[in-house]
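here is my input; please provide its structure:
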Amino acid sequence: MKVTVADGVGLNVRHTVGAAAPAFLLVHGLASNARLWDGVAAALAAAGHPSYAVDLRGHGESDLPDQGFDTATAARDLASVIASLGLDRPVVAGQSWGGNVVVELAATHPALVRALALVDGGWIDLPAEFDSWPACAAALRPPDVNGWRADDLRARLLAGHPDWSAAAVDATLANLRVGPDGRLSRRLPVERHMEILRSMWDHPPGRWFPRLTMPVLLLPAGDPARVASAAAAIPSATVRAYAGGDHDLHAQQPDRLAADLLTLVRS
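Numbering: from 1, shown residues only. Predicted coordinates for the structure are as follows:
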């Protein structure tokens, strides 16, 4: 379905049906898409809960406007989605940059969010990782994938992620468009990607942590020490680390991640 947000931009939302409350709102990371949440959504549905996975601006099947490529606008878009769909205080989960987005959503619209799950993101602080914006931009600028063969990228993904399902690999390929000739092109233009990165540089999420009064579950891939400072700054935080996990935990371990998200229903 398409949901029109406040400025008239349409965002694609993948809805999985369930009768139990609360619903789950699922948010992807930078240059990703809502299909990466399909495995998690299926497990949530099996437990009776509906979910709504959103393609953010310029991502997936959502519209590509001329502006609004920053964390604050993405958070406002999600607030509009919650209001438009009439969701009653969903559990909100965000992965990678999507974690930063849902932190801002929950801090600025706390009445809309029952609980928060941060999936290997939400604590991303680029100024703490790089000495300058030029250094950050040079390191994180995405590669030019236009013209790559889709079959070649699929083979790379299968080799690099042997424990992923075929559906998760296909969902990752959906980050890009596949033309009739089997060649790839970007959905999110590089300049828009860099605008989002710049907003992450200018506005790290730590300022919002003390305002997160709802239960917050931090789910880092790897060492839990990575999130110790964030957990200490959030009033009601729990950490469950995924030792050896991929950054895309929702693609790699959807059933385990769904089980962790369901613990927030009882919060």
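
Met1: neighbour count?
Using other CB atoms under 10 Å, Met1 has 10 other residues around it. (C-beta placed from N, C-alpha, C; glycine too.)

tell me where this protein has strands.
For the chain, strands defined by DSSP state E occupy the ranges 2-4, 10-16, 24-27, 51-54, 91-95, 115-119, 176-178, 184-186, 216-219, 237-239.

got the ones you listed as a markdown table, with distance to Arg207, mean pLDDT and mean neighbour count columns?
As requested, those are exported to a markdown table (distance: least, CB to CB, whole Å; pLDDT from 0 to 100; neighbours: other CB atoms under 10 Å):
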| stretch | distance to Arg207 | mean pLDDT | mean neighbour count |
| --- | --- | --- | --- |
| strand 2-4 | 28 | 97 | 15 |
| strand 10-16 | 26 | 98 | 19 |
| strand 24-27 | 20 | 98 | 29 |
| strand 51-54 | 24 | 98 | 27 |
| strand 91-95 | 17 | 98 | 30 |
| strand 115-119 | 15 | 98 | 29 |
| strand 176-178 | 33 | 96 | 16 |
| strand 184-186 | 31 | 96 | 17 |
| strand 216-219 | 15 | 98 | 25 |
| strand 237-239 | 16 | 98 | 17 |
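
is it possible to get TSV of the ones you listed that adds distance to Ala135?
Listed next are the strands of the chain as TSV, based on distance: least, CB to CB, whole Å:
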stretch	distance to Ala135
strand 2-4	37
strand 10-16	33
strand 24-27	28
strand 51-54	31
strand 91-95	25
strand 115-119	26
strand 176-178	27
strand 184-186	23
strand 216-219	27
strand 237-239	29
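
Arg154 - how many residues pack around it?
Arg154, neighbours per other CB under 10 Å, totals 16.

my bad, Leu56
Look at Leu56: counted by other CB under 10 Å, it has 29 neighbours.

skip the chain neighbours and tell me the closest residue to it.
In space, not counting the residues next to it along the chain, Leu56 is nearest to Ala74; the distance is 5.3 Å by CB to CB, 6 or more residues apart in numbering.
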